[in-house]
Every structure is written in structure tokens, then in C-alpha cells.
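Chemist: Got a predicted structure plus its sequence, pasted below:
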Amino acid sequence: MRRLNLIAVYEQDGRRLLMCRRRKEPYKGLLNLVGGKAEAGETDEEAAYRELWEETALTKADIRLMHIMELRYFIEDMSLAVYAGTLKSSTIPHGDENELIWVDAGSEFADCTRFAGDGNLLHILRVCAMHLHEGDEQDG
């Protein structure tokens with residue numbers, strides 16, 4: 001089974017979300033969350049932090065990721081691990097795999113002319129925001 005991950009990175013105040021403009025298919029030219037493929041022998045969490053580093057130069061020191069959900073696509077024989085976190089400081093992500101862009105966290109993520117995922121990002125990000133808020137209340 002192919003294992004992929006998506007990572008929702010929120011700014012400290014939660015108002016903006018880090019996205020990338022995809023340079024290759026699928027969804028070339030559209031905005032998507034950062035993430036990628038898990039390698040053999042990696043846990044989902046290890047893969048998420050590795051992909052985060054490769055695409056944004058962010059590390060565990062910059063953000064604590066929470067495993068939010070797992071989506072299973074049986075026909076494609078694929079699983080998608082979704083992680084989310086809020087930056088601990090005003091660290092500036094950077095990378096050259098895809099163009100990195102901050103977008104308003106209240107954007108219309110179901111807009112398939114702007115965002116990847118065939119409308120799925122709206123549901124994924126609503127669940128991420130709900131659980132990140134719960135995690136912040138438990139931490140504080």
C-alpha cells in the first residue's frame with residue numbers, strides 16, 4: 001500500500017495556513033498542503049517530519065505535529081495520514097520543491113480552481129482546526 005501524508009502548518013495566531021503551489025501533477029498549479037510519500041521502514045510520523053523538513057526546512061523544534069486523521073483509498077491502495085500543528089515561533093519556512101504561500105485559514109478550500117484535493121481540503125482542514133483548538137486548550 002502507498003502511504004502519503006499531508007501536513008497543515010498554522011502560523012502562531014492560527015490565522016494563516018502554509019500551503020504550496022504544486023509544480024507537478026497531480027494538481028499542478030493548485031495550492032495544497034505540504035507532504036509526500038512515506039519511505040519503507042518509516043513510521044507515518046517520521047515520514048511527516050521528514051517531508052516537512054524537505055519541503056519547508058521546519059523541524060520538531062519549530063512545530064509539534066498532531067496526527068489528526070487517516071484516510072484510506074481502497075481502489076488506489078493508498079492511505080493518507082493527516083497531521084497538523086501550529087508554529088512555536090515566527091520561524092519562516094522556506095524550500096524550493098514547491099512555492100510556499102501563506103493563505104488565510106478561512107479561505108474557501110472547496111474551490112477546486114484554486115486548491116488541490118477535489119474539495120477534500122475543506123473537510124480535512126475543518127477537522128484539523130477543531131482538534132488543534134482542543135489540543136491548545138489541553139496544553140494551556
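Modeler: Good, I have the coordinates. All values derive from a computational prediction rather than experimental measurement.

Chemist: okay, CA-based contacts and neighbour counts for the rest of this
Modeler: OK.

Chemist: list the buried ones in the lowest-mean-pLDDT helix or strand in the chain?
Modeler: Of all helical and strand segments in the chain, the minimum by mean pLDDT, DSSP states H and E falls on helix 120-139, at a mean of 80. Residues of helix 120-139 classed as buried by neighbour count (16 or more other C-alpha atoms under 10 Å): Leu121, Leu122, Ile124, Leu125, Cys128, Ala129, His131, Leu132.

Chemist: Let's see stretch 79-91 as CSV, backbone CA atoms only.
Modeler: What follows is stretch 79-91, C-alpha atoms only, in CSV (Å, rounded to 0.1, in the frame of the first residue of the first chain):
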residue,chain,number,x,y,z
SER,A,79,-3.5,5.7,2.9
LEU,A,80,-3.2,9.3,3.7
ALA,A,81,-2.1,10.4,7.1
VAL,A,82,-3.1,13.9,8.0
TYR,A,83,-1.0,15.9,10.6
ALA,A,84,-1.4,19.5,11.8
GLY,A,85,0.4,21.8,14.1
THR,A,86,0.9,25.5,15.0
LEU,A,87,4.4,27.1,14.7
LYS,A,88,6.0,27.7,18.1
SER,A,89,7.7,30.9,17.0
SER,A,90,7.8,33.3,14.0
THR,A,91,10.0,30.9,12.1
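
Chemist: count of residues packed around Ile92?
Modeler: Ile92 is flanked by 11 other residues according to other C-alpha atoms under 10 Å.

Chemist: Distance-wise, check it relative to Gly117.
Modeler: Using C-alpha to C-alpha, to the nearest Å, Ile92 is found at 25 Å from Gly117.
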